Each structure stands twice: as C-alpha cells, then as structure tokens.
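Peer 1: Sequence unavailable; structure follows:
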C-alpha cells in the first residue's frame, strides 16, 4: 500500500526558530510536494521536487526552503518561523501523471 | 497561469438527492484530479481524468472531463450521509509536474 509519512502530526514552535518538517514516501515516486492548507484558501504549493537534489518554487515559497538528498525524503524548512506560518502542512508524492498521495499532515503552530 | 475554480464552495443537501460540483479552469489542463478530504484528515484520491471525454465512476460518484469547455464535473447520485466531506479538483498541463488545486467544495449531506 502507498505510504507517505510526515514526521509530526502536531508541532508547536516559537517565532524566530528554525523548523524542519520531514516527509518520507515508500513508493519510489520521483515527484514530491509541500503544500500548506488554510481555511478558505485551499491547498497552496510551497515547493516541489521532481528528482533528487532538484527543486522548484511553487506559489508561496517565501520564508521556506526545501531539501531532497534522497529520493524517498523531502524536507521543508522554515528558516525563521513567523506567526503567519501557522498552518496545516501537507506533503505528497506522485509518479508521472498519477494522482498525488498525501501524508496525514502536520498542524504547525508558531507562538 | 492556470486558475481552478470550483462551485459551489458550500453545499448542503438532503440524502437521496442528486447534485453536481463544477470545476472550471482558465487555461489548458490536460489532466484533472478529484480528491476527497474528511474533517481532520488528509486528501484521498478519487479520480484521475487524462483525456477529453473521460468519465469515471465509483459508487455514487461520477467524474467527467471536457477539455474544450475547460470543465470537469463531479456528480453525486442519491447522496448518502457518508459522502459528507470536502471535495477538491486539481488540474494542470501534462508538461508540468505540478497541479493547481481549487478551493474545495464542502459538502454536507443531511440524514
């Protein structure tokens, strides 16, 4: 069965902290994505990666960076967390034109 | 840039009724996806539509794609309470790795 695992379901951090969100997939998918989901705004793409060490900016990359050193792992980094980054973060992976498979999400609160 | 609009954004309906959710997109989108999200959960893939005229059905849900009209529909037949959820459509051209999500339709089916 397809599995995308996000490291934390809930996370509380303070403003100014550097925050790491980890995502691992076990399907050998080449594409991986990070979204944030906010009420009324749907899913917005932060970054995506189509191969190891490759990354592309999505619609809202400001304040975020990503790392993909291995095919199965895609990390999202908040360089200096701010309160407006409080959100639900969703990781997904896909192969070709197949559907994206989503992790359970990380609800991140920045105090 | 591709924009995806869903309507309605909120829908409350009685069990046993039929209804349709519409997904319009602004520029070329060769592929269209439908997802379901239950409260507090992540997104689950429902349908993948990859060609003009594609129609897929699963239980009481049927999805179709008309690329000339830039329109996809999700039709619900004889709704049951278990179908209450938020439904997202997402699309994008085949040349892109990323897809753009609509804001979602929150469907509430009254028993």
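Peer 2: Received, thanks. Note that this is a predicted model, so its numbers are computed, not measured.
Peer 1: quick one: contacts for the residue of chain B positioned farthest from its centre?
Peer 2: Relative to the centre of chain B, and counting by Cα atoms, centre = their mean, the farthest-placed residue is residue B:111 at 22.3 Å. The contact partners of residue B:111, by Cβ atoms under 8 Å, 6 or more residues apart in numbering or on different chains, come to B:15, B:81. All C-beta atoms are positioned from the backbone trio N, CA, C, and that covers glycine.
Peer 1: What pLDDT is listed against it?
Peer 2: If you check residue B:111, the pLDDT there is 84.
Peer 1: ok, it to residue B:1 distance?
Peer 2: To residue B:1, residue B:111 is 41 Å away according to Cβ to Cβ, to the nearest Å.
Peer 1: Is residue B:82 part of a helix or strand, or is it coil?
Peer 2: helix (DSSP: H, G, I helix; E, B strand; the rest coil).
Peer 1: Counting neighbours, what do you get for it?
Peer 2: 12 (other Cβ atoms under 10 Å in any protein chain shown).
Peer 1: Show me where chain A dips below the pLDDT cut-off.
Peer 2: For chain A, the stretches flagged by pLDDT under 70 are A:1-2.
Peer 1: can you give me the strands in it?
Peer 2: Counting by DSSP state E, chain A has strands at residues A:4-6, A:10-13, A:19-25, A:31-38, A:42-51, A:54-57, A:64-70, A:73-78, A:87-94, A:101-102, A:106-110.
Peer 1: Now tabulate those in TSV and tack on distance to residue B:86 and mean neighbour count.
Peer 2: Compiled in TSV, those are given as follows (distance: least, Cβ to Cβ, whole Å; neighbours: other Cβ atoms under 10 Å in any protein chain shown):
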stretch	distance to residue B:86	mean neighbour count
strand A:4-6	19	20
strand A:10-13	21	13
strand A:19-25	22	19
strand A:31-38	10	22
strand A:42-51	9	20
strand A:54-57	26	14
strand A:64-70	25	16
strand A:73-78	23	20
strand A:87-94	13	24
strand A:101-102	13	23
strand A:106-110	16	18
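Peer 1: Can I get those strands in CSV including distance to residue B:11?
Peer 2: As requested, the strands of chain A are exported to CSV (distance: least, Cβ to Cβ, whole Å):
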stretch, distance to residue B:11
strand A:4-6, 29
strand A:10-13, 30
strand A:19-25, 32
strand A:31-38, 20
strand A:42-51, 16
strand A:54-57, 34
strand A:64-70, 33
strand A:73-78, 33
strand A:87-94, 22
strand A:101-102, 23
strand A:106-110, 26
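Peer 1: touching chain B at all, stretch A:94-106?
Peer 2: Yes. Applying Cβ under 8 Å from any Cβ of the partner chain, one finds stretch A:94-106 in contact with chain B at A:97, A:98, A:99, A:100, A:101, A:102, A:103, A:104, A:105.
Peer 1: Right, I'll call it a day here.
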